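Undergrad: Requesting a structural model of the entry that follows:
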Amino acid sequence: MQKKVCIIHKVKPLDPRSFYKQGRSALRAGYDTTIMGFYPKDKVVNGIKLVGFNYPAKRLSRFLTSNYQVFIRALKEKADIYHFHDLDFIPWAVLLKIITSRRVIYDIHEAHPEYMLLKAYVPKFFRRILSALIYLLEHAAANFFDAIVPNDNYVAKDFNHKRNEVIFNFPTLDFFKDSDSIPWQKREFDLFYHGSLPKYHFELMMSVAERLNSENVRNVWGIVMNEGSPSAWAKQEVQKRRLEGNFIFLPYTDYLNIFKYLTNAKIGIIPLPSYKKFMKNIPLKMFEFMGFGMPMVLSDLPPSRQFIKGENCAVSVEPDNINEYANAIKFLLGNPEKAVEMGKNGRRLVFEKYNWANEEKKLLGLYSGVLC
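TA: Coordinates of the predicted model:
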């Protein structure tokens, strides 16, 4: 009888990890595959059944009402494996395990306790309390689950579980279509950033742009922000600091179509500060830049360093050091042959090692293992 996988990930768009990677891999392996999330309606996309729920505007409603609705629908699915992604679904996932006795897998995207310390909408005093509570919740609940799947090896070290399977969030190779369509020197954007863009990232980027402007170095930045990023604030700051000629805000597009922007960019930038969270999480966009043959300028932090050290595909700089960021960008823009060489090195690494094809084997092996 065909086994059924139900992936629970409460996001609006089709997610790079849960849909384009895990969902497609499960379907290709012969599993009856369902993904539950904040989709407009139930539908089937490329053979994967999507089960949609309304997206409440208030966080409390998302935590209580939505989780209850997802839980009830998940019970009806009668899946052999429930693979969930959301921190706030942990209590419901424990209940799902107790009631159904089916296999439950927790996919850990973030260093959640450390991430809570960065939540600006929560008063600082309560952030520390909530961070500690999240740590206790994750570690106590993990004992109920058949496996945990950290995205990052540094996060995995925090957990002691018999099935602690690190599955890196490497990109799918079909993401890199048309990656050589525009010669490097003719690309419109000197620098590019896409994804979640918190204020502390963009403050640094604007300061770097100001430094480059003061030295008459052309620097045009393409920016694609996910929902939830402070887009209105960012646009106001650009106007206030007279950087309209530097930053171009581009419309959001889904995972497989971001290539339309990336093929027109020279350098990828990842301006992570040295916060505890970023000492554990690996930025997915690093591999996306590499796969498109783009050299990178990024903060020199352990999670990223393990993949690029000695590979001559990026310039690592001291976090928050505006001078080092500006100098690295000037170097790459002023040495196009070297930049192109570094981009080729990164692309080779992604196509040979750092891609989803290798991680897919781990995922399917895990599914088979928990079902035995």
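
Undergrad: can you map out the helices along the stretch 251-372 of the chain?
TA: 259-262, 284-291, 302-308, 322-334, 336-352, 356-371 (DSSP state H, counting those that start in this stretch).

Undergrad: Any idea which of the ones you listed gets closest to Leu118?
TA: Comparing these by their distance to Leu118 (Cβ to Cβ), the top pick is helix 302-308, with 15.9 Å. Just so you know, the C-beta spots here come from the backbone N, C-alpha and C atoms, and that holds for glycine as well.

Undergrad: average pLDDT for the closest one?
TA: In this model, helix 302-308 carries a mean pLDDT of 96.

Undergrad: which of the residues in that helix are buried?
TA: Within helix 302-308, the residues that qualify as buried by neighbour count (16 or more other Cβ atoms under 10 Å) are 303-304, 307-308.

Undergrad: and if you look at stretch 248-264?
TA: Judged by neighbour count using 16+ other Cβ under 10 Å, the buried positions of stretch 248-264 are 248, 250, 252, 255, 258-259, 261-264.

Undergrad: and of the residues you listed, the nearest to Leu371?
TA: Each of those was checked against Leu371 using Cβ to Cβ; the closest is Tyr255, at 28.4 Å.

Undergrad: Check what contacts stretch 14-23 and list those residues.
TA: Contact with stretch 14-23 is made by 7, 9, 11, 33, 35, 37, 45, 48, 83, 85, 107, 109, 151, 169, 171-172, 254-256, 284, 356, 359-360, 363, as judged by Cβ atoms under 8 Å, 6 or more residues apart in numbering.

Undergrad: can you rerun that using 7 Å?
TA: Taking contacts as Cβ atoms under 7 Å, 6 or more residues apart in numbering, the residues outside stretch 14-23 that touch it are 7, 9, 33, 35, 48, 83, 85, 169, 172, 254-256, 356, 363.

Undergrad: Please spell out the ChimeraX selection for the buried subset of these.
TA: Here is the ChimeraX command that selects only those of the contacts of stretch 14-23 that count as buried (16+ other Cβ under 10 Å):
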select :7,9,33,35,48,83,85,169,172,255,356,363
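
Undergrad: which residues of the stretch 251-372 of the chain score low on pLDDT?
TA: Counting by pLDDT under 70, the stretch 251-372 of the chain contains no low-confidence residues.

Undergrad: In this structure Phe292 contacts Phe176, no?
TA: Yes - counting by Cβ atoms under 7 Å, Phe176 is a contact partner of Phe292 at 6.2 Å.

Undergrad: Please say which of those two ends up with more neighbours.
TA: Remark: of Phe292 and Phe176, Phe292 carries more neighbours, 26 against 21, as counted by other Cβ atoms under 10 Å.

Undergrad: Got the phi and psi for that one?
TA: Phi and psi for Phe292, reported as degrees, to the nearest 10, are phi -90, psi 10.

Undergrad: Downstream of the longest helix anywhere in the chain, the next helix or strand is which one?
TA: Longest helix in the chain, counting residues (DSSP state H): helix 124-142. Once helix 124-142 ends, the next helix or strand along the chain (criterion: DSSP states H and E) is strand 147-150.

Undergrad: Quick one: list the elements packing against that next one.
TA: Applying 3 or more Cβ pairs under 7 Å, 6 or more residues apart in numbering; DSSP states H and E, we find strand 147-150 packed against strand 103-108.

Undergrad: report the angle between the axes of the strand it packs on and helix 124-142?
TA: For strand 103-108 and helix 124-142, the angle between their directions (axes from the mean of the first three to the mean of the last three Cα atoms, to 10 degrees) works out to 150 degrees.

Undergrad: Direction included, what does strand 103-108 pair up with?
TA: Using DSSP bridges, the strands paired with strand 103-108 in its sheet are strand 81-84 (parallel), strand 147-150 (parallel).

Undergrad: Give me the average confidence score over it.
TA: Across strand 103-108, the average pLDDT comes to 98.

Undergrad: and the angle for that strand with helix 356-371?
TA: For strand 103-108 and helix 356-371, the angle between their directions (the same axes, to 10 degrees) works out to 140 degrees.

Undergrad: Quick one: residues in contact with the helix or strand just after strand 103-108.
TA: Downstream of strand 103-108, the first helix or strand assigned by DSSP H and E is helix 112-116. If you take Cβ under 7 Å, 6+ apart as the criterion, helix 112-116 is touched by 87, 127, 130-131, 134-135, 138, 276-277, 280.

Undergrad: With stretch 147-159 instead?
TA: Outside stretch 147-159, the residues that touch it by Cβ under 7 Å, 6+ apart are 105-109, 111, 142, 161, 163-169, 279-282, 302-303, 366, 370.

Undergrad: now that stretch: how far from the chain's centre is it?
TA: For stretch 147-159, the gap between its own C-alpha mean and the chain's C-alpha mean amounts to 15 Å (Cα atoms, centre = their mean, to the nearest Å).

Undergrad: Buried residues in that stretch, which are they?
TA: Buried residues in stretch 147-159, counted by 16+ other Cβ under 10 Å: 147-152, 154-156, 158.

Undergrad: tell me the contacts of the most centrally placed residue in the chain?
TA: What sits nearest the mean C-alpha location of the chain, by Cα atoms, centre = their mean, is Leu284, with 5.1 Å. Applying Cβ under 7 Å, 6+ apart, we find Leu284 in contact with Asn169.

Undergrad: one step back: most neighbours per residue, which of the helices of the stretch 251-372 of the chain?
TA: Among these, judged by mean count of other Cβ atoms under 10 Å, the one packed with the most neighbours on average is helix 284-291 (a mean of 24).
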